[in-house]
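Q: Predicted model follows, preceded by the sequence.
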Amino acid sequence: MTKILVIEDEPTVRENIMELLDAEGFDASAAENGSVGLNLAQQQLPDLILCDVLMPELDGYGVLSALRSQSVTANIPFIFLTAKAAKTDFSEGIKLGANAYLTKPFTLEELLDAIAVHVEIK
(Lines give C-alpha, C1' and ligand atoms only; values in the text may rest on other atoms or scores of the structure.)
Protein backbone atom coordinates (compact mmCIF):
# COMPACT_ATOMS: atom_id res chain seq x y z
CA MET A 1 0.00 0.00 0.00
CA THR A 2 1.34 3.43 -0.95
CA LYS A 3 2.27 5.52 2.10
CA ILE A 4 1.52 9.25 1.83
CA LEU A 5 2.36 11.88 4.43
CA VAL A 6 0.16 14.99 4.48
CA ILE A 7 1.70 18.08 6.11
CA GLU A 8 -1.01 20.74 6.46
CA ASP A 9 -1.71 23.19 9.28
CA GLU A 10 -5.38 23.85 8.49
CA PRO A 11 -7.35 21.09 10.27
CA THR A 12 -10.29 21.07 7.83
CA VAL A 13 -8.06 20.89 4.76
CA ARG A 14 -5.88 18.22 6.38
CA GLU A 15 -8.91 16.10 7.33
CA ASN A 16 -10.45 16.44 3.86
CA ILE A 17 -7.23 15.32 2.16
CA MET A 18 -6.89 12.42 4.59
CA GLU A 19 -10.45 11.29 3.87
CA LEU A 20 -9.87 11.48 0.11
CA LEU A 21 -6.65 9.49 0.33
CA ASP A 22 -8.22 6.90 2.62
CA ALA A 23 -11.17 6.48 0.23
CA GLU A 24 -8.68 5.88 -2.61
CA GLY A 25 -6.89 3.16 -0.63
CA PHE A 26 -3.73 4.99 0.37
CA ASP A 27 -2.00 4.52 3.73
CA ALA A 28 -2.05 8.18 4.79
CA SER A 29 -0.68 9.88 7.88
CA ALA A 30 -0.82 13.56 8.78
CA ALA A 31 1.15 16.28 10.52
CA GLU A 32 -0.19 19.63 11.69
CA ASN A 33 2.96 21.65 10.97
CA GLY A 34 6.32 21.46 9.25
CA SER A 35 8.32 20.43 12.32
CA VAL A 36 6.06 17.48 13.09
CA GLY A 37 5.92 16.61 9.38
CA LEU A 38 9.70 16.57 9.04
CA ASN A 39 10.01 14.22 12.02
CA LEU A 40 7.30 11.91 10.66
CA ALA A 41 8.92 11.86 7.23
CA GLN A 42 12.24 10.83 8.74
CA GLN A 43 10.59 8.09 10.84
CA GLN A 44 8.06 6.73 8.33
CA LEU A 45 9.90 7.24 5.03
CA PRO A 46 6.65 7.64 3.07
CA ASP A 47 6.36 6.97 -0.65
CA LEU A 48 5.18 10.57 -1.22
CA ILE A 49 4.74 13.79 0.75
CA LEU A 50 1.96 16.35 0.21
CA CYS A 51 2.88 19.60 1.94
CA ASP A 52 1.46 23.08 2.43
CA VAL A 53 3.85 26.03 2.08
CA LEU A 54 2.66 28.50 4.72
CA MET A 55 2.75 26.84 8.14
CA PRO A 56 3.86 27.72 11.65
CA GLU A 57 7.18 26.56 13.14
CA LEU A 58 8.66 25.33 9.85
CA ASP A 59 7.23 26.25 6.46
CA GLY A 60 7.01 23.90 3.50
CA TYR A 61 10.16 25.28 1.91
CA GLY A 62 12.06 24.50 5.11
CA VAL A 63 10.63 20.99 5.23
CA LEU A 64 11.63 20.33 1.63
CA SER A 65 15.14 21.76 2.11
CA ALA A 66 15.71 19.60 5.18
CA LEU A 67 14.44 16.46 3.44
CA ARG A 68 16.54 17.04 0.34
CA SER A 69 19.68 17.50 2.47
CA GLN A 70 19.43 14.01 4.02
CA SER A 71 20.29 10.96 1.93
CA VAL A 72 17.51 8.80 3.43
CA THR A 73 14.76 11.31 2.51
CA ALA A 74 16.33 13.12 -0.45
CA ASN A 75 14.44 11.18 -3.11
CA ILE A 76 10.96 11.03 -1.59
CA PRO A 77 8.57 12.61 -4.12
CA PHE A 78 7.30 15.92 -2.73
CA ILE A 79 4.23 17.83 -3.88
CA PHE A 80 3.36 21.29 -2.63
CA LEU A 81 -0.35 21.96 -2.02
CA THR A 82 -0.77 25.67 -1.52
CA ALA A 83 -2.80 28.79 -2.09
CA LYS A 84 0.41 30.60 -3.11
CA ALA A 85 -0.09 30.75 -6.86
CA ALA A 86 2.44 33.36 -7.99
CA LYS A 87 5.05 32.28 -10.53
CA THR A 88 7.80 33.18 -8.05
CA ASP A 89 6.27 30.81 -5.47
CA PHE A 90 6.12 28.00 -8.03
CA SER A 91 9.71 28.69 -9.09
CA GLU A 92 10.93 28.66 -5.49
CA GLY A 93 9.30 25.28 -4.84
CA ILE A 94 10.69 23.70 -7.98
CA LYS A 95 14.15 25.20 -7.36
CA LEU A 96 14.21 23.54 -3.93
CA GLY A 97 13.38 20.19 -5.49
CA ALA A 98 9.60 19.83 -5.35
CA ASN A 99 8.25 17.35 -7.86
CA ALA A 100 4.96 19.20 -8.36
CA TYR A 101 3.05 22.25 -7.19
CA LEU A 102 -0.76 22.14 -6.91
CA THR A 103 -2.63 25.31 -6.09
CA LYS A 104 -5.65 25.28 -3.80
CA PRO A 105 -8.41 24.66 -4.45
CA PHE A 106 -7.59 21.54 -6.47
CA THR A 107 -9.82 18.71 -7.61
CA LEU A 108 -9.58 15.10 -6.53
CA GLU A 109 -8.62 14.23 -10.11
CA GLU A 110 -5.76 16.75 -10.09
CA LEU A 111 -4.50 15.38 -6.79
CA LEU A 112 -4.70 11.76 -7.88
CA ASP A 113 -3.03 12.55 -11.21
CA ALA A 114 -0.13 14.28 -9.42
CA ILE A 115 0.25 11.33 -7.05
CA ALA A 116 0.16 8.79 -9.90
CA VAL A 117 2.89 10.62 -11.82
CA HIS A 118 5.29 10.45 -8.89
CA VAL A 119 4.71 7.07 -7.26
CA GLU A 120 4.03 3.56 -8.40
CA ILE A 121 0.68 2.80 -6.80
CA LYS A 122 1.17 -0.23 -4.58
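A: Looks like it arrived, so ask away.

Q: quick one: low-confidence ranges for the protein?
A: Confidence mapping of the chain against pLDDT under 70 gives the ranges 84-86, 89, 121-122.

Q: Just want the most central residue of it.
A: The residue lying closest to the centre of the chain (CA atoms, centre = their mean) is Leu50, at 1.4 Å.

Q: helix/strand/coil for that residue?
A: strand (DSSP: H, G, I helix; E, B strand; the rest coil).

Q: Bridged to it, which residues?
A: Beta-bridge pairing for Leu50 (DSSP bridges): Val6, Ile79.

Q: my read: it touches Leu5, true?
A: Yes. Counting by CB atoms under 8 Å, Leu50 touches Leu5, with 7.2 Å between them. C-betas here are computed from N, CA, C, even on glycine.

Q: who are the neighbours in contact with Ala28?
A: Contacts were defined as CB atoms under 8 Å, 6 or more residues apart in numbering; by that measure Ala28 touches Lys3, Ile4, Leu5, Val6, Ile17, Met18, Leu21, Asp22.

Q: which residue sits closest to it, ignoring its sequence neighbours?
A: Closest residue to Ala28 apart from its sequence neighbours, by CB to CB, 6 or more residues apart in numbering: Leu21 at 4.0 Å.

Q: Wasn't the one you found part of a helix?
A: Yes. Read with three-state DSSP, Leu21 is one of the residues of a helix.

Q: Dihedrals phi and psi, Leu54?
A: The phi/psi pair for Leu54 (degrees, to the nearest 10) reads phi -90, psi 110.

Q: what separates it from Glu8, distance-wise?
A: 10 Å (CB to CB, to the nearest Å).

Q: Could you check which of those two is surrounded by more residues?
A: Taking other CB atoms under 10 Å, Leu54 and Glu8 do not tie; Glu8 has more neighbours (25 against 14).

Q: Tell me how many other residues surround the residue lying closest to Tyr61 once chain neighbours are set aside.
A: Distances taken as CB to CB, 6+ apart put Leu96 closest to Tyr61, at 5.9 Å, once the chain neighbours are dropped. Residues contacting Leu96 under the criterion other CB under 10 Å number 17.
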